[in-house]
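# The sequence and its predicted three-dimensional model are supplied below.
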Amino acid sequence: MTTAVRIAPAAEDAHALVVSNRPTITSWSLRYFAPWWTTTATEVLRPGAHPTVDARVDASHRAAITRMITDYGGHDDLTYAGARTLVHREDDGTVYAAQPAQRLAYHATSDRRMLSVSGQWNEPVALAAARLARDLIRAQLLAEGWVLLHASAVARDGRALLTLGAKGAGKSTVATTLARQDGWDLLANDRVFARPEQD
């Protein structure tokens, strides 16, 4: 059975679908993103019509991609999400990657609208799917003129207050302290998207 969840920042057109052969994966995405973004369970009407993360618990698929990368050769050895990652790029822009220690494999189509992750266990696949969905949404927002600020943010009465500073400066402390006060809502504690408007 295939299940899906749509994830989108509030009031924005940027979004991503997380599709999985395990309901636990999409349920995890619902719980993970719900505090900050709009998340809804949905049906997949046209696969690939929307930016999609296909998250599968499928050990044989993961093993096949890993074998293809290691047997074919010509891959880069990088670090992604804190793990050793073998990356192979095709001439048409398609990308295959494997994280042997995590038992995860990735595939990205040349247009980057369909990303897949496969693995042996629910939790690593769910975490990887959330990371990929966040990256898909981030890319859409950046393409629409948004910038990513290293800041915390709270809102009150339709206005936002951002706290900027270096790591360890107290941005999160300021935001969470204000968010505990009546009338303040926490928007973000580490990264904030902002975009200048005409007015």
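Alright, I've got the coordinates.
# what secondary structure does residue 101 sit in?
helix (DSSP: H, G, I helix; E, B strand; the rest coil).
# can you give me the strands for this structure?
3-8, 16-20, 38-42, 52-57, 76-80, 83-89, 95-99, 104-108, 114-119, 147-156, 159-164, 185-188, 191-194 (DSSP state E).
# angle of the second one against strand 114-119?
What it means is strand 16-20. On the basis of axes from the mean of the first three to the mean of the last three Cα atoms, to 10 degrees, strand 16-20 is oriented at 40 degrees to strand 114-119.
# How about the fourth one?
Angle between the axes of strand 52-57 and strand 114-119 is 10 degrees (criterion: the same axes, to 10 degrees).
# just the longest one next, same as before
Here strand 147-156 points in a direction 80 degrees away from that of strand 114-119 (the same axes, to 10 degrees).
# ok now strand 147-156, how far from the chain's centre?
18 Å (Cα atoms, centre = their mean, to the nearest Å).
# Check stretch 101-113 too.
13 Å.
# can you check stretch 53-63 too?
So, by Cα atoms, centre = their mean, the centroid of stretch 53-63 is 17 Å from its chain's centroid.
# most centrally placed residue in the protein?
Most central in the chain under Cα atoms, centre = their mean is residue 134, positioned 2.2 Å from the mean C-alpha point.
# Look at that one and report its pLDDT.
As summarised for this prediction, residue 134 has a pLDDT of 88.
# hang on, the earlier thing: TSV for the strands of the chain, including distance to residue 175?
The way it works is simple: take the backbone N, C-alpha and C, and place the C-beta from them, glycine included. Output for the strands of the chain, formatted as TSV (distance: least, Cβ to Cβ, whole Å):
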stretch	distance to residue 175
strand 3-8	22
strand 16-20	25
strand 38-42	21
strand 52-57	28
strand 76-80	28
strand 83-89	30
strand 95-99	33
strand 104-108	32
strand 114-119	31
strand 147-156	4
strand 159-164	6
strand 185-188	6
strand 191-194	10
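# Reformat those as TSV; add mean pLDDT.
Formatted as TSV, those follow (pLDDT from 0 to 100):
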stretch	mean pLDDT
strand 3-8	86
strand 16-20	91
strand 38-42	85
strand 52-57	93
strand 76-80	93
strand 83-89	95
strand 95-99	95
strand 104-108	96
strand 114-119	94
strand 147-156	89
strand 159-164	89
strand 185-188	84
strand 191-194	83
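# Same list (the ones you listed) but as a markdown table, adding mean neighbour count and distance to residue 70.
What follows is the strands of the chain, written out as a markdown table (neighbours: other Cβ atoms under 10 Å; distance: least, Cβ to Cβ, whole Å):
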| stretch | mean neighbour count | distance to residue 70 |
| --- | --- | --- |
| strand 3-8 | 22 | 32 |
| strand 16-20 | 26 | 26 |
| strand 38-42 | 15 | 36 |
| strand 52-57 | 24 | 20 |
| strand 76-80 | 11 | 11 |
| strand 83-89 | 17 | 7 |
| strand 95-99 | 21 | 8 |
| strand 104-108 | 22 | 11 |
| strand 114-119 | 25 | 16 |
| strand 147-156 | 17 | 34 |
| strand 159-164 | 14 | 44 |
| strand 185-188 | 16 | 39 |
| strand 191-194 | 16 | 34 |
